[in-house]
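**Q** Structure for this input, please:
(2 chains)
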Number of protein chains: 2
Amino acid sequence: MVFMRFRPQVIFSSLCSPKPRTSSPSATLAAAAARRRHTTSVATSMAAPSEDALRRALAERQAAVDAQGEAVRALKAGGGASKAEVDAAVEALKALKVEAGAAARRLQQSVGAGPGGAAREEMRQAVVNTLERKLFYIPSFKIYRGVAGLYDYGPPGCRVKANVLSFWRQVTPAFRLEHFVLEENMLEVDCPCVTPEVVLKASGHVEKFTDLMVKDEKTGTCYRADHLLKDFCKEKLEKDLTLPQQKADEFKRILAILDDLSAEELGAKIKEYGIVAPDTKNPLSDPYPFNLMFQTSIGPTGLSVGYMRPETAQGIFVNFKDLYYYNGQKLPFAAAQIGQAFRNEISPRQGLLRVREFTLAEIEHFVDPEDKSHPKFVDVADLEFLMFPRELQLSGDSAKSMKLGDAVSKGTVNNETLGYFIGRVYLFLTCLGIDKARLRFRQHLPNEMAHYAADCWDAEIECSYGWIECVGIADRSAYDLKAHSEKSGVPLVAHEKFSKPKEKLVIVPSKKDLGLAFKGNQKMVVEALEAMSEKEALEMKAALESKGETTFKVCTLGKDVVITKKMVSISMEKKMEHQRVFTPSVIEPSFGIGRIIYCLFEHSFYTRPSKSEEEQLNVFRFPPLVAPIKCTVFPLVKNQEFDDAAKLIAKALTTAAISHIIDTTAISIGRRYARTDEIGVPFAVTVDSTTSVTIRERDSKEQIRVGIDEVASVVKQLTEGQSTWADVSAKYPAHVGPQGDQE
Amino acid sequence: MVFMRFRPQVIFSSLCSPKPRTSSPSATLAAAAARRRHTTSVATSMAAPSEDALRRALAERQAAVDAQGEAVRALKAGGGASKAEVDAAVEALKALKVEAGAAARRLQQSVGAGPGGAAREEMRQAVVNTLERKLFYIPSFKIYRGVAGLYDYGPPGCRVKANVLSFWRQVTPAFRLEHFVLEENMLEVDCPCVTPEVVLKASGHVEKFTDLMVKDEKTGTCYRADHLLKDFCKEKLEKDLTLPQQKADEFKRILAILDDLSAEELGAKIKEYGIVAPDTKNPLSDPYPFNLMFQTSIGPTGLSVGYMRPETAQGIFVNFKDLYYYNGQKLPFAAAQIGQAFRNEISPRQGLLRVREFTLAEIEHFVDPEDKSHPKFVDVADLEFLMFPRELQLSGDSAKSMKLGDAVSKGTVNNETLGYFIGRVYLFLTCLGIDKARLRFRQHLPNEMAHYAADCWDAEIECSYGWIECVGIADRSAYDLKAHSEKSGVPLVAHEKFSKPKEKLVIVPSKKDLGLAFKGNQKMVVEALEAMSEKEALEMKAALESKGETTFKVCTLGKDVVITKKMVSISMEKKMEHQRVFTPSVIEPSFGIGRIIYCLFEHSFYTRPSKSEEEQLNVFRFPPLVAPIKCTVFPLVKNQEFDDAAKLIAKALTTAAISHIIDTTAISIGRRYARTDEIGVPFAVTVDSTTSVTIRERDSKEQIRVGIDEVASVVKQLTEGQSTWADVSAKYPAHVGPQGDQE
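**A** The predicted structure follows:
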């Protein structure tokens, strides 16, 4: 077992964990401020450059109004002014008020509380209403008034989810877009949700998977401390338009560093601003950490603590040894898992985005830390999309379109394997229908990452809640395997056999000298010295030979120590090594399936007027890959012949494995189209004769006429991507007839 | 909302719940004894008729041995006998001992502790070893010494599971065997595992989902009380061959009624037999109920109790109203759910069959209680398979092959819908590869069912653990919807609109007279009267008119009461009804996916000697539908040309969506065949030239030669069932060559 030099600060797969709390937040304020501006909310990120100016302009206009008001009063009170003079002054005051009103509206719009925010809110309401009415989602246990943060997928939602997961797992090979599991020959596993405490102690979740909470001191109601402070600051910034610039800056700074505040700092701010419980106005307790795992007890004794897993990754890590052997002891290889994960949110908000139970799809790609190249990187190197590297975030710029190959060759993305997965995630999301313009890959800033992590990128999708992290792609180095090796005593390592034996590095700390120098800390210094890499050891050897001493960082002590020549002997021994034993690095793409699906719903949703223009009709523009049902069959009018023809077509569609429904209700064809547009069915077959029928494409509403025995094969080509609508439109006659859209 | 006349005794979907405990087990001893003989263990069920005779025979032989031994001693002690006489007597004693030994072996074999039992045990070990070595399963958290009752699916197991679920859900339409979800247009939902207490109080799980537990009084170790008693009785029956007949009968009777014993009765037996803790021999506590749900707490306050769901069904029931509207307010319709369920076993045994977390696939088919016909029943009516109705169980017979249509028309199976699902379950299981001869449908005996249940059948599969319940198919009547209606206050009902209005039944209890007669119980009698069906009410009306009074069972009181004429007025009113409001019945097929898969592994497993006959090779005869990988590609020898050809074939297989692996290791082709036989790969392509290759079928080991550009399409036909091996063997030349099996 390779000894761990660093006792790492625990950080989690970013999708299902709080950001690390740095011990001295002030040190990273500037960076964090820059970062937050681009992540916390759309409002802050999109309007930051002009907001100050708008606020100044408003203050000036307001001052002018005040001055003019004063002048009018003075004129009236003095009595010496003519009516014309007073009228002119009043007119001027009115004009200034109009200007001030306009400035206030501009500011309001800019900070997100105005019409822009309202439009987003309205759009979200329209999507969510449609989703709930059509049973894409149902608040769980609704007849019992539900439970916050728990949602069911109803029938169409369930199919969308199954389609997304099949695509992820490549059970839908007909689409020819090979995705994760099969393409990579990944080893899929399926582990239980119930997890014993020891595993989550090793991973760090028992200690650190927490949010800070405050309690209403009278009712005991719990709130997330950062949410209350955030709401307070946002409310001030959005509603109090006369806020002095200095205060506005302070609130903005708090919003930017919110995630980095300690319990004490959060508590102090809550006290300073007099924030009380929102529901009762009662005073609040000091903030304290609340573990977000659902706890339970395994077996009947009550002695064996268990948790519902907060991520699926740990199930893979603990199986590393078996999987490595299963893979013929070869690296790299990847394991994958799809499953439920749990997070006992203090007070879930953001509707479908922040829930207490969710489906994760995670990949753990194990790789030799000394070789992170990827043979298939060339396949994605030419992709070009929005990337948001550290430098752009720190300089206040926005995301830029970059070629992935360049990002890797310039070192913006740490290595090819990480780059490869970024490319695959991009393809995966855009194939599903995520809008390229509202998808960006944001690199974590140094203070967001664990010190052991080599690099980390989030696929963020913009929706009505702002930019939402939907996939995390992290190079987590050897952290997880080392943690489980240490805790379990089972070495989770890989071997590289040398074709020729190599010389071996030997590090011999002098325990006596170290003991004299470091007393009780001797053991930690010894362990850190023994765990040095070859490169570090040779550098130390050189320094000791030239200068006699050198400083050395011992992470377990959290400080640098001075090492002198007699404290350690470093040499390349003649004793040969026949293999290298090492802990693999892991590169982890982790997909929040529910978040991806929700963003997909927002990106796919639009409304268009009905034919009569009396109402707005809802449409989801799902690609066939995602659509819950690929095709509907409508007899134009109710008669036996058409019904029989419809059944014949349905049978052919079943044989062709196209999911479909027949709607033989007597309502107008336009209504029936509208009904299926609303659940995103891409193609509708209307039976208006017994020899040929029409096929209608959902978004263009165009129709073509096709022989009844060809329908199934045309729909199959369309839904499986062998033909586009343009292809079939060129081949078959267009249809413009009485059964056109009548909505 | 229809009021519930019965406060039902709570019974659960049988897969995930203990059997109901009847309040007076002695009343049903005979029936239960008969039932248990056929269900509890293979040993008891298969050997019952001859075991008594064998036991008698052994006792006779043993008595003869004892008598002869006595005679020999007497001869020797008397001193008067000649050596020849003594020798003859000793010889006779030896012969009798041999006979007694043979009788003991026959008995041993019959009770399952002898070679038969050992063979089953050995077979199970061979299967389980192969499954664990090939990572079909991995004991979860193995590096931390695991947790009893938790298993991971490793890579091949995970694919088998995905294949089974896809087939269940019909995501594999290429197989043309349409199964559950798509075929029936079922409404699939996906609900959370975390469930608030109120839901599981309504369903009865909080109160009754328990097993009886005893504790080691010193160490606190917990045991299932019935397991300890069962082990004791089985041990006595199997090992103590001199057990008097009377005692043997007593132990057998206990085994038969084990599930029906109350806590007091179990405790009394444990005391009577002096059963102690198996590990420590310490005394045991009295038995007490332990709830099998994993409990947790939702949200941060600790006040909101939640459980990990013990079944997925409740998530469907609470959504009935929305689903009924979604289905256009039409009955019948079915909803389905696949998901994890949890059961905190006291001390899990039976390896992979009794686990603490498992995947269920459940269907809730909602139907008008007055019309349980099914339009597709004709499609399954001609199926013929092993059925084990009540009567056969009670008369001590075994399961018989019956035609499903006959079973329904004779009333053996209660209704067509139930029969239809039995047929579909039969097709589903046998398509997966379950052996028809080891599959039976066993009807629940009256004492196993809730009184409200109309009928209930289990698909039981025989494996090394005996007959295992793998799918439950129950007509649960209106119980579940009524329970949630009552608890939530939301009516979960359906409506039938009459084409012509009908006369309405009016029941008016006289509260005054009932109050005088029943005092505090008046309310329950009133409710029971109001809840009568039309038929019951008209019978009561007739009885009251003819006799002036009648007895009436009030379930909520648990007794009959006498109702007189003045206590209730019953009439058909002129006021017309335009619709009927009723609670639908639910027919529930509930699939234990893990159990099905485990039985499938046992049924698919066999061994055959290697070519050299030096070792036994393991094979899983999975049908292509189930096989984790459909095809392997082997270059016969390592060279660039063959490797290139193999890659070409692999690419064609990818395009054809056939999962496959290439094995280019330099080991012998025979070894490579053996390696893939062991994970059940049905076809192997061996590249031995650059123009044509061979395809080998796993079970026959036959090979055909096929042109390199045809391989993918031939394998596709074979794996998707369009061609059989016989078909392609007739079409392509057989290959018998040097690369034949060399194992």
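**Q** how close does the closest residue to A:Asn327 other than its chain neighbours sit to B:Ala646?
**A** If the residues on either side of it in the chain are set aside, A:Asn327 comes closest to A:Phe333, at 4.4 Å by Cβ to Cβ, 6 or more residues apart in numbering or on different chains. C-beta: built from backbone N, CA, C; applies to glycine. Distance of A:Phe333 to B:Ala646, given as Cβ to Cβ, to the nearest Å: 20 Å.
**Q** same thing with A:Gly670?
**A** The value you get for A:Gly670 to B:Ala646, if Cβ to Cβ is used, is 56 Å.
**Q** try A:Gly80
**A** To B:Ala646, A:Gly80 is 105 Å away according to Cβ to Cβ.
**Q** do the same with A:Asn282
**A** Distance from A:Asn282 to B:Ala646, by Cβ to Cβ: 73 Å.
**Q** neighbour-wise, which of those two wins?
**A** More crowded of A:Asn282 and B:Ala646, by other Cβ atoms under 10 Å in any protein chain shown: B:Ala646, with 22 against 15.
**Q** quick one: contacts for A:Arg309?
**A** A:Cys191, A:Pro192, A:Cys193, A:Val194, A:Thr195, A:Leu200, A:Gly315, A:Gly339, A:Ala341, A:Phe342 (Cβ atoms under 8 Å, 6 or more residues apart in numbering or on different chains).
**Q** typed the wrong thing, it's A:Glu641
**A** Going by Cβ under 8 Å, 6+ apart, A:Glu641 touches A:Thr690.
**Q** what about it, which helix or strand?
**A** helix A:640-655 (DSSP states H and E).
**Q** Let's verify A:Gln340: helix, strand, or coil?
**A** strand (DSSP: H, G, I helix; E, B strand; the rest coil).
**Q** Within range of chain B, give me the residues from the stretch 251-400 of chain A.
**A** By Cβ under 8 Å from any Cβ of the partner chain, the residues of the stretch 251-400 of chain A that approach chain B are A:290, A:294-301, A:303-304, A:306, A:308, A:315, A:318-319, A:321-323, A:326, A:328, A:340, A:342, A:344-347, A:356-357.
**Q** Filter those down to just the ones in strands.
**A** The strands, defined by DSSP state E, take in A:Phe290, A:Gln295, A:Thr296, A:Ser297, A:Gly306, A:Met308, A:Gln340, A:Phe342, A:Glu357 from those.
**Q** which of the residues you listed are buried?
**A** The neighbour count (16 or more other Cβ atoms under 10 Å in any protein chain shown) marks A:Phe290, A:Thr296, A:Gly306, A:Met308, A:Gln340, A:Phe342, A:Glu357 as buried among those.
**Q** Show me what the second one is bridged to.
**A** Read that as A:Thr296. In this entry, A:Thr296 is beta-bridged to A:Gly306, by DSSP bridges.
**Q** Tell me the gap between the longest helix anywhere in chain A and the middle of its chain.
**A** Ordering each helix of chain A by length in residues (DSSP state H) puts helix A:42-78 first. On the basis of Cα atoms, centre = their mean, to the nearest Å, helix A:42-78 sits 39 Å off its chain's mean C-alpha point.
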